[in-house]
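Undergrad: Give me the fold of what follows.
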Amino acid sequence: MYSTDRISSWYPGGGFGLELALSWTAIQQANGAAVSENLYNHLPLNQADIAATGKTLDFYQERLAHDGADPHWQPLNFAELLDDPVPTGPGCP
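TA: Numbering: from 1, shown residues only. Just a heads-up that it's a prediction; the model follows:
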């Protein structure tokens with residue numbers, strides 16, 4: 001299951017969620033390898049994926065390249081496709 005609003009997952013509060021992005025990406029790309037806490041201090045950030053897994057990871061790089069306000073993410077926002085969650089019909093207020 002995944003949120004309909006992916007922007008808030010990768011940019012909680014508007015800032016890049018490094019811990020989530022780097023650890024999730026590394027786990028997915030490196031057969032479950034954990035990310036060392038030292039890697040969260042790795043600079044530049046666009047090379048932290050290489051430090052964690054030994055290779056550039058497109059998924060991680062994409063999250064760095066497009067901030068939370070970037071229209072790039074709009075196609076991944078599925079909130080508008082959901083029905084109104086308020087129940088209606090017989091017996092409903």
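Undergrad: List the buried residues for stretch 12-27?
TA: Phe16, Gly17, Leu18, Ala21, Leu22, Ser23, Trp24, Thr25, Ala26 (16 or more other Cβ atoms under 10 Å). Using the backbone N, CA and C atoms, a C-beta is placed for each residue, glycine as well.
Undergrad: Looking at those, which is nearest Gln47?
TA: Leu22 (11.2 Å; Cβ to Cβ).
Undergrad: Check which helices and strands the helix ranked longest in the chain sits against.
TA: For the chain, the helix with the greatest residue count under DSSP state H is helix 18-29. Contacts defined by 3 or more Cβ pairs under 8 Å, 6 or more residues apart in numbering; DSSP states H and E place helix 18-29 against helix 6-10, helix 48-53, helix 58-65.
Undergrad: Return the alpha-carbon coordinates of the first one using PDB.
TA: Listed in PDB are the C-alpha atoms of helix 6-10, where the atom choice follows Å, rounded to 0.1, in the frame of the first residue of the first chain:
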ATOM      1  CA  ARG A   6       3.900  10.600  -2.800                       C
ATOM      2  CA  ILE A   7       5.300  14.100  -2.500                       C
ATOM      3  CA  SER A   8       4.600  14.200   1.200                       C
ATOM      4  CA  SER A   9       6.400  10.900   1.600                       C
ATOM      5  CA  TRP A  10       9.600  12.100   0.000                       C
END
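Undergrad: contact partners of that helix?
TA: For helix 6-10, contacts defined as Cβ atoms under 8 Å, 6 or more residues apart in numbering pick out Tyr2, Ser3, Phe16, Gly17, Leu20, Ala21, Arg63, Gly68, Trp73, Leu76, Asn77.
Undergrad: Now pLDDT and distance to Ser8 too, for the buried residues of stretch 12-27, in a markdown table please.
TA: Shown next, in a markdown table, are those (pLDDT from 0 to 100; distance: Cβ to Cβ, whole Å):
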| residue | pLDDT | distance to Ser8 |
| --- | --- | --- |
| Phe16 | 90 | 12 |
| Gly17 | 91 | 9 |
| Leu18 | 90 | 15 |
| Ala21 | 87 | 13 |
| Leu22 | 85 | 18 |
| Ser23 | 83 | 17 |
| Trp24 | 81 | 15 |
| Thr25 | 77 | 17 |
| Ala26 | 76 | 21 |
